[in-house]
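Visitor: Just a sequence and a predicted model for now, questions to come.
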Amino acid sequence: MEASAKNSSLIIERSSPTVVLPEHETPEGSISLTSLDQMAPMMMLYVYSFDRSDSNVVDVIKKALARVLVHYYPVAGRLARNSRGKLVVDCQKKLGVPFVEATADCDIENLGDERLVDPDALDKLVYRDPMQHILEVAPLLTAQVTKFRSGSFILGIALSHYIADGVSTMNFMNAWAEIARGKPLSIVPCHDRTILKSWVPPQITGPYDEFVHISDVSNMTALYEEQQFVYKALHFNAEKLAALKRMATKDEQVTSKCTNFVALAAFVWRARSIALNMKLHQQSKLLLAVNFRSRLRTPLPDGYFGNTVVWPCCLCTKGELIEEPIFASATRIKKAIESATDSYVQSRIDYYDNNRLGGLPVDTLLMSSWTRFEYGSTDFGWGEPRFATGDIQRQNCLFMTDGREKGIAVVLGLPLSAMNTFEKLVCDLNDA
């Protein structure tokens, strides 16, 4: 599905936001953010679609939010800076979560592909606080329940990436849903972020390719500025994934050594570089999101609430990328993922404590897989949801579960001409 303006006629009536506070008293003081948390200055927007409900759906979800905030109390706080100028969550400033009730004039099916919500519809399904750009005042979470005709509804949230990554968001949402169903929490949150504190003295083992400056020798910046930018969700069914795994494995008979993620990442990186018409000597950087929760010598608690992702890097020229067999690209990716060890993670934490990634140039691709997220567990009492996202950064590429075809949906954005070329390369897989 292309994220276009086709839903611009969607009419939604919103109530004024009300503030939801934790149902009981919660700890005060402040919670320090790790250097990894402070690398994520953005709001993440998520949409959960449910096919049925009843008259008390808003009341149930709202009351459950007040109860889950007792366990996830930092979400009701606000950001602040400590004496060192570092960001913390001020848990004493309990300004709560803005909550909005809304109604739509159509059926939920009118929104189209559930994997990617177009920007106009997203603005109407997710409430954005007018103070969201003022760091110390902006809520860390907003929630909106939109009821559609025929009983379906959507829960749209905006959650600060400063305080939660994808896994933490999933745990929070599932806990919220469990409370709505009258169940105890299956995962108790852990708010001790000192587990991932920087070391003194720092233990930095760089250099790191992700910080290498790349020049836009292909003038891709002009392409991005001059052409319409479009997002699409491209579907890779089981047959296409099997074909990619054969291509990404040196011995085509041993595909078990190559995961779907590695094979698909190698193809997408290669195809995107071709689609953008990069010059052969243009360097291309691939950053891979790796969740390190289970990779540390002492694994993090299951309920650790924060950011636990590092971004190992692959770096080469477009010429190297397209001239080498695809299994060589897959090997690069596999080695990068495997490099995310305990010492690697600590080194990154220490490095980020005093260094920041600058703006990402167009020759950089950030790739994340959400295929293992258990969004089906976010059942508030009316069945499993369909999950979608939106407002994706231009350099981001997401892999999401495609339940209809038992495959993977690749969500990314490109200038229009590049997207047309990219789609053709995907279609050519049918002949592979």
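Guide: In hand now; what should we look at? Numbering: from 1, shown residues only.
Visitor: Retrieve the pLDDT associated with the residue most central in space within the chain.
Guide: Geometric centre of the chain, nearest residue: Gly166, 5.7 Å, by Cα atoms, centre = their mean. On pLDDT, Gly166 comes in at 91.
Visitor: list the contacts for it?
Guide: Asn291, Val309, Ser368, Trp370, Phe373 (Cβ atoms under 8 Å, 6 or more residues apart in numbering). To be clear about C-beta, it is placed using only N, CA and C from the backbone, and glycine gets the same treatment.
Visitor: cool, Thr221 as well?
Guide: Pro361, Val362.
Visitor: Check which helix or strand it maps to.
Guide: helix 220-226 (DSSP states H and E).
Visitor: can you redo the contacts of Gly166 as CSV with secondary structure and distance to Thr194?
Guide: CSV is the format used below for these (DSSP: H, G, I helix; E, B strand; the rest coil; distance: Cβ to Cβ, whole Å):
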residue, secondary structure, distance to Thr194
Asn291, strand, 20
Val309, strand, 18
Ser368, strand, 26
Trp370, coil, 28
Phe373, coil, 26
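Visitor: Could you dump the residues you listed into CSV with pLDDT and neighbour count added?
Guide: Shown next, in CSV, are the contacts of Gly166 (pLDDT from 0 to 100; neighbours: other Cβ atoms under 10 Å):
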residue, pLDDT, neighbour count
Asn291, 94, 18
Val309, 94, 20
Ser368, 93, 22
Trp370, 88, 19
Phe373, 81, 19
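Visitor: wait, which of the residues you listed is closest to Asn237?
Guide: Distance to Asn237 across the contacts of Gly166 (Cβ to Cβ) is lowest for Trp370, with 17.8 Å.
Visitor: Just list the residues touching the closest one, thanks.
Guide: Gly166, Leu398, Phe399, Met400, Thr401.
Visitor: The third one - how many residues pack around it?
Guide: Right, the one you point to is Phe399. The number of residues packed near Phe399 is 23, by other Cβ atoms under 10 Å.
Visitor: swap in the last one?
Guide: Residue neighbour count, defined by other Cβ under 10 Å, stands at 18 for Thr401.
Visitor: Make sure it is actually in contact with Glu374.
Guide: No - Thr401 is beyond contact range of Glu374, at 10.2 Å (criterion: Cβ atoms under 8 Å).
Visitor: from the contacts of Gly166, which is closest to Ser215?
Guide: Using Cβ to Cβ, these come closest to Ser215 at Ser368, 25.9 Å.
Visitor: Need the pLDDT of the closest residue to that closest one other than its chain neighbours.
Guide: In this structure, Ser368 finds its nearest non-sequential neighbour in Ala289, 3.9 Å apart by Cβ to Cβ, 6 or more residues apart in numbering. We note a pLDDT of 94 for Ala289 in this prediction.
Visitor: thinking again about what came up before, distance to Val268 added to the contacts of Gly166, as CSV?
Guide: Formatted as CSV, these follow (distance: Cβ to Cβ, whole Å):
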residue, distance to Val268
Asn291, 19
Val309, 19
Ser368, 12
Trp370, 15
Phe373, 19
